[in-house]
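*Asks:* give me the fold of what follows.
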Amino acid sequence: MAPKQHKKEPLKRVLYRVLMIIIGACLAAFAIERLLVPNKMIDGGIIGVSLILDYLIPDEWGLLNFATLVIILNAPFMYFGYKQIGKTFMLSTILGVVILGGAERYFHHFAPLTNQPILAAVFGGLALGLGVGLVIRHGGSLDGTEILGILLTKKIPFSVGEFVMFVNVFIFGWAAFVLGLEPAMYSVMTYYIASKMIDAVVEGLDETRAAFIVTDHYEEISSAILHRLGRGTTKLIGKGGYTDEQKEIIYAVVTRLEVTKLRSIINEIDPNAFITIMATHEVRGARFKSAIH
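*Replies:* Next up, the predicted model:
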């Protein structure tokens, strides 16, 4: 049987993704050039390394500036990204990095928005995180550090997050020697704010929780969740590891604000129910947003 052909993405959707990547890269460049650089601050990863090198390299060297450095340093990771993740990711990353470099050169000619380090750290982190988050959400990347982490963690006993953290500790330590201790400390603040903003953009602002409920009152609790929270449930069948007794398990997804009410419903019906509540990254389908209260 012939392999199934992948359905091509509609042109309208492709153009939308391209537009969002361009906007995201421009926002990141704006944050870097109008807020961070004038206050001797950096971000983590390849962007941070490029900023430090740009600070160290004399202006007489001409073309060897942040724009070219961020493209050159990211180039190997674009190739590895193509090998590991695919062509679409590589093309999206190339677009994002090139726009980042070009927009940075454009914003270089404008005066800084503020010379107050705390304002630059906070608003620079927010704008940078929003920009990077938009690029990631729409299939690209502005930094090859995580791609390197994906490749290396297959051979070293660390997760991608641990590897990225280790690399950034080194980068911010280097920044402390090159830029000074205070700018490096503000840079860490910027990086933290940016990372939280990236999470909010990529994962969405609607925080949801997945609940697993092991109870002998399946029907009653399931009905209460449906009628009092407006959330559907899924029935799972499991077995106790010790007793080998078959158990009915309720699986439900609620918003963060509904967790307290969910606990209250369960406690009213079956105080002895076993509950596990976990954070979720994304929920789609099944008319999830059309809950009733």
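*Asks:* what residues sit buried inside stretch 51-63?
*Replies:* 51, 52, 53, 54 (16 or more other C-beta atoms under 10 Å). The C-beta positions use only the backbone N, C-alpha and C, and glycine is treated the same way.
*Asks:* quick one: contacts of that stretch?
*Replies:* Applying C-beta atoms under 8 Å, 6 or more residues apart in numbering, the external contacts of stretch 51-63 come out as 32, 36-37, 40, 42-43, 64-66, 69, 171, 174-175, 178-179.
*Asks:* pull out the buried residues from those.
*Replies:* Buried among the contacts of stretch 51-63 (16+ other C-beta under 10 Å): 32, 36-37, 40, 42-43, 65-66, 69, 171, 175, 178-179.
*Asks:* which one of those is nearest to residue 228?
*Replies:* Among these, residue 43 lies closest to residue 228 (C-beta to C-beta), at 45.6 Å.
*Asks:* so the closest one touches residue 36, yeah?
*Replies:* Yes - counting by C-beta atoms under 8 Å, residue 43 does reach residue 36; the two are 7.0 Å apart.
*Asks:* turn the buried ones among the contacts of stretch 51-63 into JSON lines, including secondary structure, distance to residue 117 and pLDDT.
*Replies:* Output for those, formatted as JSON lines (DSSP: H, G, I helix; E, B strand; the rest coil; distance: C-beta to C-beta, whole Å; pLDDT from 0 to 100):
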{"residue": "32", "secondary structure": "helix", "distance to residue 117": "15", "pLDDT": "93"}
{"residue": "36", "secondary structure": "helix", "distance to residue 117": "10", "pLDDT": "93"}
{"residue": "37", "secondary structure": "helix", "distance to residue 117": "12", "pLDDT": "91"}
{"residue": "40", "secondary structure": "coil", "distance to residue 117": "9", "pLDDT": "90"}
{"residue": "42", "secondary structure": "coil", "distance to residue 117": "13", "pLDDT": "90"}
{"residue": "43", "secondary structure": "coil", "distance to residue 117": "15", "pLDDT": "88"}
{"residue": "65", "secondary structure": "coil", "distance to residue 117": "23", "pLDDT": "84"}
{"residue": "66", "secondary structure": "helix", "distance to residue 117": "20", "pLDDT": "86"}
{"residue": "69", "secondary structure": "helix", "distance to residue 117": "24", "pLDDT": "89"}
{"residue": "171", "secondary structure": "helix", "distance to residue 117": "19", "pLDDT": "92"}
{"residue": "175", "secondary structure": "helix", "distance to residue 117": "14", "pLDDT": "92"}
{"residue": "178", "secondary structure": "helix", "distance to residue 117": "16", "pLDDT": "91"}
{"residue": "179", "secondary structure": "coil", "distance to residue 117": "12", "pLDDT": "90"}
